[in-house]
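**Student:** Give me a model of this one.
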Amino acid sequence: MAATQRKQGSLVFSIHLTLLPHRDADLIELLQNAPKGCLSGVVREAMRNGVTQTTTQSGTNEPEPEIDMDDLGMEL
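**Tutor:** Okay, the predicted model is just below:
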C-alpha cells in the first residue's frame, strides 16, 4: 500500500474497506455517525483504542469535561 507524504510530514493512506453488517455492525455505526469532517479522527481513535460505546457516542477525540464533585461529599 503506497502512502502519499504531505509537506508537513503526515502520511495519507487511501483505502477501500468492506464491512459485513452482521459482523461489523459496531464499525458501520461508528462510521455512519461520524460528524462531517471528523471521519479520519474517528477511524484513528477506533484503530488505536477499539470501538467502544464512548467512541460511538462522541465521534471525536476530545476528552470529556471534568466533573465537579466538590459538593457531592459530606464531612464527618
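
**Student:** can we go C-alpha only for contacts and neighbour counts from here?
**Tutor:** Will do.

**Student:** Would you mark the buried spots in the biggest helix by length in the chain?
**Tutor:** Counting by DSSP state H, the longest helix found in the chain is helix 39-49. Buried residues in helix 39-49, counting neighbours by 16 or more other Cα atoms under 10 Å, are found at Leu39, Val42, Val43, Glu45, Ala46.

**Student:** Hmm, Ala34 and the second one touching each other?
**Tutor:** Yes: look at Val42 against Ala34 with Cα atoms under 8 Å: they come within range, at 6.7 Å.

**Student:** returning to that earlier point: among the buried residues of helix 39-49, which one lies nearest to His22?
**Tutor:** Ala46 (18.5 Å; Cα to Cα).

**Student:** and that closest one, how far is that from Gln8?
**Tutor:** Look at Ala46 and Gln8: by Cα to Cα, to the nearest Å, they are 24 Å apart.
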